[in-house]
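Peer 1: show me how the following folds:
(one chain, ligands or ions: 2)
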Amino acid sequence: MTLRRRFTFFTIFWLIFILILFNIFVYLFVIKITMRSEEQLLTNKVNILLEDPRVDNIAGLSDPELLRDYYNVNELIRIVTPDGKTINSQGSDPELIALETTFSSQFETGMLLVEGRRVIYMEVPLYEGHKVIGKIQLYRKLTLLDSYLQVLVIALTVTSAGAILFAILGTYWFTSRLTSPIQHMVQTMREIDRSGKLRKIELNGKDQSAELEQLARAFNQMIEKLDRTFARQRQFVADASHELKTPLTVISSYANMLSRWGRDNDNVRDEAIEAIVKESERLQNLTKSMLVLAEAEQEDWLKLETFDLVQLADETADMLYTTFQRIIRVHTPKTDVKVSADKDKIRQLLVILLDNAIKYSKEPIDITIAITKGNVRLSVSDKGIGIPESDMSHLFERFYRVDGARRRTTGGVGLGLSIAKRIVDLHEGQIDVFSKPNQGTTITVAIPQKK
Ligand code: ATP
Ligand code: MG
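Peer 2: Ligands and ions are numbered 1, 2, ... in the order given. The predicted structure is shown next:
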């Protein structure tokens with residue numbers, strides 16, 4: 001069931017329920033009030049009658065003149081003796097006259113139904129000394145009340161029906177206004193599903209409730225994020241296939257050369273084998289880096305832990321010294337610098353920066369660690385070949401390398417710095433490059449000490 005229908009049904013049922021209760025209350029209240037005043041009327045009449053001296057003896061009670069003054073249309077007044085005989089009666093309504101004469105010596109009052117009409121009655125015992133000599137019985141048909149009630153029922157039915165009708169229209173109008181943004185959203189989502197193209201929901205400000213606007217905003221944010229992710233992935237696939245094409249072309253052309261002339265010509269064979277080995281190594285590195293980058297792109301979350309950055313830098317420097325026999329010095333004003341970050345990713349970042357420094361310089365390399373305003377600053381400096389000014393802005397692009405000549409000798413694939421940038425971004429930090437050709441390069445990373 002749609003939200004709109006549910007809402008309408010609920011409102012209508014609730015309204016009907018309230019109206020029924022209200023109508024019953026009004027109906028019973030009107031009856032009660034009328035009955036009370038009618039009863040009062042009968043009491044007054046009886047009280048006046050009881051003051052008449054004739055009611056004190058049996059002879060006076062049967063005086064036909066006695067009841068005439070008190071009689072009203074729609075009424076029956078009669079005096080009944082203990083043996084059940086009517087000795088005096090005034091009234092012309094046949095239905096009332098037909099009422100049975102029963103005798104009890106108690107005062108009684110109440111209401112009975114005669115042929116579906118309400119009749120109020122009152123029975124008062126009459127005494128001569130201490131002896132009950134008879135009873136006055138008064139009956140009064142409540143014709144006015146009955147016609148009132150008829151009108152009341154009609155009026156209540158009409159107003160209730162009107163209220164329900166207005167409520168249906170009102171709720172329908174209101175819910176359609178309320179749910180139209182939702183329908184709009186659903187439509188947009190369906191369109192996205194059908195066309196495969198991401199689209200945002202248009203927000204038309206004023207006639208939307210805050211919750212729905214929040215929903216639409218959240219949806220749009222999600223779409224934006226997805227859009228960015230898709231674009232990045234598309235770009236990545238394009239870049240990666242382009243990069244993979246070159247070594248594969250080299251390998252396949254050398255393999256062709258080898259099959260044609262390799263058997264007879266030793267020089268050709270050696271050259272081809274060397275090239276194939278080198279290019280497959282490159283291919284290996286490339287795929288490895290691409291996997292790392294793909295992982296870094298996907299993982300939006302960090303495994304945060306608190307660790308000592310100085311210790312991590314020392315360990316990494318030692319490890320690289322053992323592998324490459326290059327001196328790496330760690331400078332820090334403090335003995336330990338605690339940071340809350342993803343330790344594995346920070347190690348990876350350090351390796352990327354040190355790997356570049358090792359590849360593009362020959363002198364010892366310096367790591368500097370410092371704390372400034374809640375940020376940890378980590379710099380890796382070398383005195384190597386440096387980076388030309390014009391290349392600076394592209395350094396963090398995927399597969400970007402400064403020039404072809406360097407590339408051949410160092411064998412990089414151009415993914416290191418883009419991975420580094422991604423890691424720094426994940427930590428909400430900043431990475432900067434300072435470099436002068438033939439003097440050296442310093443890459444500085446600043447990340448918040450506590451994330
Ligand atoms: P890999 O993906 O194997 O790291 P790479 O080192 O070529 O390949 P990046 O680390 O992204 O790629 O660096 C991009 C380019 O920036 C390098 O090709 C290099 O020319 C230049 N570069 C980076 N660091 C330095 C440095 N310390 N000194 C000089 N040039 C550098
Ligand atoms: Mg590198």
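
Peer 1: CA only for contacts and neighbour counts going forward, please
Peer 2: Noted.

Peer 1: any low-confidence regions in the stretch 251-400 of the chain?
Peer 2: For the stretch 251-400 of the chain, the stretches with pLDDT under 70 are 298-300.

Peer 1: all helices of it, in order?
Peer 2: 266-298, 309-324, 343-359 (DSSP state H, counting those that start in this stretch).

Peer 1: deepest-packed of the ones you listed, please.
Peer 2: Stretch with highest mean neighbour count among the helices of the stretch 251-400 of the chain: helix 343-359 (a mean of 19; mean count of other C-alpha atoms under 10 Å).

Peer 1: that helix near ligand 1 at all?
Peer 2: Yes. Contact of helix 343-359 with ligand 1 is found when judged by C-alpha under 6 Å from any ligand atom, involving Asn356, Ala357.

Peer 1: of all the helices of the stretch 251-400 of the chain, which lies closest to Met122?
Peer 2: Closest to Met122 of the helices of the stretch 251-400 of the chain, according to C-alpha to C-alpha: helix 266-298, at 92.5 Å.

Peer 1: what about the closest one, near ligand 2?
Peer 2: No. On the criterion C-alpha under 5 Å from the ion, helix 266-298 is out of touch with ligand 2, staying 10.1 Å away.

Peer 1: ok, now stretch 370-385?
Peer 2: No. Under the criterion of C-alpha under 5 Å from the ion, stretch 370-385 makes no contact with ligand 2; the nearest approach is 12.9 Å.

Peer 1: run through who's touching that stretch.
Peer 2: Applying C-alpha atoms under 8 Å, 6 or more residues apart in numbering, the set of residues contacting stretch 370-385 from outside is 332-333, 337, 339, 353-354, 357, 360-369, 436-450.

Peer 1: so who does the closest residue to Glu38 other than its chain neighbours touch?
Peer 2: Excluding the flanking residues, the one nearest Glu38 by C-alpha to C-alpha, 6 or more residues apart in numbering is Ile120, at 7.8 Å. Listed by C-alpha under 8 Å, 6+ apart, the contact set of Ile120 reads Met35, Glu38, Glu39, Thr109, Gly110, Met111, Leu112, Tyr139, Arg140, Lys141, Leu142.

Peer 1: returning to what we had before: please list only the buried members of the contacts of stretch 370-385.
Peer 2: Among those, the ones that count as buried by 16 or more other C-alpha atoms under 10 Å are 337, 339, 353-354, 357, 360-361, 365-369, 440-449.

Peer 1: okay, stretch 252-262 in PDB with CA atoms only?
Peer 2: Extracted as PDB, the C-alpha positions of stretch 252-262 are listed here (Å, rounded to 0.1, in the frame of the first residue of the first chain):
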ATOM      1  CA  SER A 252      55.800  -9.200 -28.600                       C
ATOM      2  CA  SER A 253      58.000  -7.500 -31.200                       C
ATOM      3  CA  TYR A 254      61.200  -8.800 -29.600                       C
ATOM      4  CA  ALA A 255      59.600 -12.300 -29.400                       C
ATOM      5  CA  ASN A 256      58.800 -12.000 -33.200                       C
ATOM      6  CA  MET A 257      62.300 -11.000 -33.900                       C
ATOM      7  CA  LEU A 258      63.600 -13.900 -31.800                       C
ATOM      8  CA  SER A 259      61.500 -16.400 -33.700                       C
ATOM      9  CA  ARG A 260      62.600 -15.100 -37.100                       C
ATOM     10  CA  TRP A 261      66.300 -14.400 -36.600                       C
ATOM     11  CA  GLY A 262      67.100 -15.500 -33.100                       C
END
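
Peer 1: run the chain-centre distance for that stretch.
Peer 2: When C-alpha coordinates are averaged (C-alpha atoms, centre = their mean, to the nearest Å), stretch 252-262 and its chain have centres 65 Å apart.

Peer 1: buried sites along that stretch?
Peer 2: Using 16+ other C-alpha under 10 Å as the test for burial, stretch 252-262 gives Tyr254, Ala255, Leu258, Gly262.

Peer 1: which one of those residues is nearest ligand 1?
Peer 2: Ligand 1 has its nearest neighbour among these in Tyr254, at 23.7 Å by C-alpha to the nearest ligand atom.

Peer 1: hmm, back to that, including distance to ligand 1, neighbour count and pLDDT, could the contacts of Ile120 go into CSV?
Peer 2: Output for the contacts of Ile120, formatted as CSV (distance: C-alpha to the nearest ligand atom, whole Å; neighbours: other C-alpha atoms under 10 Å; pLDDT from 0 to 100):
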residue, distance to ligand 1, neighbour count, pLDDT
Met35, 99, 18, 89
Glu38, 103, 17, 90
Glu39, 104, 19, 90
Thr109, 106, 17, 90
Gly110, 103, 12, 89
Met111, 102, 16, 89
Leu112, 103, 14, 88
Tyr139, 110, 24, 93
Arg140, 108, 23, 91
Lys141, 106, 23, 90
Leu142, 103, 19, 89
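
Peer 1: contact partners for the residue in the stretch 101-250 of the chain that ligand 1 sits nearest to?
Peer 2: Proximity to ligand 1, evaluated over the stretch 101-250 of the chain using C-alpha to the nearest ligand atom, is greatest for Glu243 at 11.7 Å. Neighbouring residues of Glu243 by C-alpha under 8 Å, 6+ apart: Phe399.

Peer 1: can you tell me the SS state at it?
Peer 2: helix (DSSP: H, G, I helix; E, B strand; the rest coil).

Peer 1: show the model's pLDDT score for it.
Peer 2: We have a pLDDT of 81 for Glu243.

Peer 1: go on, Ser418?
Peer 2: On pLDDT, Ser418 comes in at 90.

Peer 1: write out the residues of this structure neighbouring ligand 2.
Peer 2: Counting by C-alpha under 5 Å from the ion, the chain sits next to ligand 2 at Asn356, Gly416.

Peer 1: for Glu202, grab phi and psi.
Peer 2: Main-chain dihedrals, Glu202, degrees, to the nearest 10: phi -80, psi 140.

Peer 1: correction: the previous question concerned Arg263.
Peer 2: Torsion angles, degrees, to the nearest 10, at Arg263: phi -70, psi -30.

Peer 1: residues contacting it?
Peer 2: The contact partners of Arg263, taken as C-alpha under 8 Å, 6+ apart, are Arg269.

Peer 1: from Met257, how far off is it?
Peer 2: Arg263 is 10 Å from Met257, where distance means C-alpha to C-alpha, to the nearest Å.

Peer 1: Glu100 too?
Peer 2: Applying C-alpha to C-alpha to Glu100 and Met257 gives a distance of 132 Å.

Peer 1: in terms of helix, strand or coil, where does the residue of the chain positioned farthest from its centre fall?
Peer 2: Farthest-out residue of the chain from its mean C-alpha position, per C-alpha atoms, centre = their mean: Ala59, at 89.0 Å. When classified by three-state DSSP, Ala59 comes out as helix.
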